[in-house]
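A.B. asks: give me a model of this one.
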Amino acid sequence: MTPMMLDYNLDLNSSISGPSNASSISRLEGVHLLRNHLALVYAFEGLMASPILRPQLKALSLEYHNDDRRCEPFFILGPTQYPALEHLCLEGVPILLLDPTLWQSFPPLTHLVIVQSTSDSIHTQIHILMHICPNLRNVVLSNVSPHVNSPGVPTPLPESARVSRVILHDMSGVSLRFYLSLFPPHHHPRALQVIHDTLPVSGFNYEHLLRDRIQGRPTHLQVAVFPDSTTSSGGFKISVTVATARNAVRVRSNVNLLYKSHYGLPDVWLNSLLWDAGVDLSSVREAWLVNVAAPFTALVAPFNSSAVATLRQLPALETVVLVTIDHPSNGPGNAYWPDVSVLPDTAHADFLTVHHKTLRLVYYDACPPSVCPFSRENFKLGFWRMLEQLASGAYRYLGPRASHRAVVAAIRD
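C.D. replies: Predicted coordinates:
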């Protein structure tokens, strides 16, 4: 029998009535219940309470939008209703674990996403859920901030836990510390992201995160700047990623939030992350700079200068990848002039990158037609500036034929 996926945007009661529909419902493997009223939510809960109609769901996504938050129904997770559930996504949905057997184990769940939950018990419920799902792999927690304070320090996950990817998004300092304590740094997770888009970060020290979470010696570094499409003021999002052979840690914030924090300026934040934190970057072999040389990032020039200065202080650096992503504000038909001046210059007194031999240039248009209605067929790359820079001798460590190789790489990518 073919498995089914269903997006409940209609009257659920009418959808499951009748013997033929009952047969179809029993074959459901995924349900996405989005943008609906409470009556539809209650109908879905009635479906899952029916031993006859209840499908063996593998994926469930619930998104509650009720103006009266006090009337939101709790989501009851238990092995009776969801014995095969692997993927669970809850947005604006309080969790209530009523089935006492659930406290023993819920092995099928591998992916968990919880967004916008302000239930007073949400930290406790998530804490329980993490410990009873032995096969959980990926966890995303966004804007999970109860009205009351965190319930102290959680019991860390055991070494047998399999969580490998965690994203903590828009959380207060109190909530962040709670969940970072839940995922011990010595072996979990392999990929950790801490992201702030709207919530102030004044009470959180990013540099301690890198210092405590990096496992082993870093081999890869990425510094990226992106236009912030969520604001009308034309702000920027800034991220730093440090990776080792064992794990990766990524932190991201935006210029407006950093201005309001104790860091004040993006370049101060970057320097705190990479140098004040005591993270040893002497083994970094490959560095990616994303949009650091892009025209639209001129407003964050001090940040860019700090990123460039970082490259000069990486003694094991072998490869630099310069990525430029086109942006709608650049308009139609603009020419990009690849610029390698962000590379370490041998004239600088602090030049340490004696092993640097490879440069990759990546340019691409990421502007969708809905945002960029004008024709972008005339998007061009001009190489004269880059060729002059390479001919100056400041980057002779790239080799005598650096000009030719750089142009070929830019055209190919």
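
A.B. asks: hey, let's count contacts and neighbours off CA atoms from now on
C.D. replies: Noted.

A.B. asks: ok, S172 to T80 distance?
C.D. replies: Between S172 and T80 the computed distance is 35 Å (Cα to Cα, to the nearest Å).

A.B. asks: ok, the two, which is more surrounded?
C.D. replies: The residue with more neighbours, out of S172 and T80, is S172; 20 against 14, by other Cα atoms under 10 Å.

A.B. asks: that one is in contact with D197, isn't it?
C.D. replies: No: the criterion here is Cα atoms under 8 Å, and S172 misses it with D197 at 11.7 Å.

A.B. asks: isn't L381 right next to W337, touching?
C.D. replies: Yes: with contact defined as Cα under 8 Å, L381 reaches W337; the gap is 5.8 Å.

A.B. asks: show me what V323 is bridged to.
C.D. replies: Going by DSSP bridges, V323 is paired in beta bridges with V290, V362.

A.B. asks: that one: neighbour count?
C.D. replies: Residues near V323, counting by other Cα under 10 Å, number 19.

A.B. asks: against N291, how distant is it?
C.D. replies: V323 is 6 Å from N291, by Cα to Cα.

A.B. asks: how many neighbours does A39 have?
C.D. replies: A total of 12 residues lie near A39 under the criterion other Cα under 10 Å.

A.B. asks: so it sits in a strand?
C.D. replies: No: under DSSP: H, G, I helix; E, B strand; the rest coil, A39 falls outside any strand and is assigned helix.

A.B. asks: okay, it: pLDDT?
C.D. replies: pLDDT, A39: 71.

A.B. asks: now swap in A347 and tell me
C.D. replies: For A347, pLDDT reads 73.

A.B. asks: check L96 too.
C.D. replies: Here the pLDDT value assigned to L96 is 69.

A.B. asks: can you check E45 too?
C.D. replies: pLDDT, E45: 76.

A.B. asks: what backbone torsions are found at it?
C.D. replies: With angles defined as degrees, to the nearest 10, E45 sits at phi -60, psi -30.

A.B. asks: number of nearby residues for it?
C.D. replies: Residues near E45, counting by other Cα under 10 Å: 16.

A.B. asks: for L90, see how far away it is.
C.D. replies: For E45, the distance to L90 - Cα to Cα - is 14 Å.

A.B. asks: kindly report the same for E207.
C.D. replies: For E207 relative to L90 (Cα to Cα), the value is 31 Å.

A.B. asks: repeat that for A394.
C.D. replies: For A394, the distance to L90 equals 54 Å [Cα to Cα].

A.B. asks: which of those two has more residues huddled nearby?
C.D. replies: Comparing A394 with L90 by other Cα under 10 Å, the one with more neighbours is L90, at 21 against 16.

A.B. asks: confirm for me that L192 is in contact with V249.
C.D. replies: Yes: at 4.9 Å, L192 and V249 qualify as touching, with contact defined as Cα under 8 Å.

A.B. asks: more crowded one of those two?
C.D. replies: Remark: of L192 and V249, L192 carries more neighbours, 24 against 21, as counted by other Cα under 10 Å.

A.B. asks: how about the more buried one, secondary structure?
C.D. replies: Applying three-state DSSP: L192 is strand.

A.B. asks: bridging residues for it?
C.D. replies: V166, V249.

A.B. asks: going forward, count from 174.
C.D. replies: Right, with 174 as the first residue, what we last looked at is L365.
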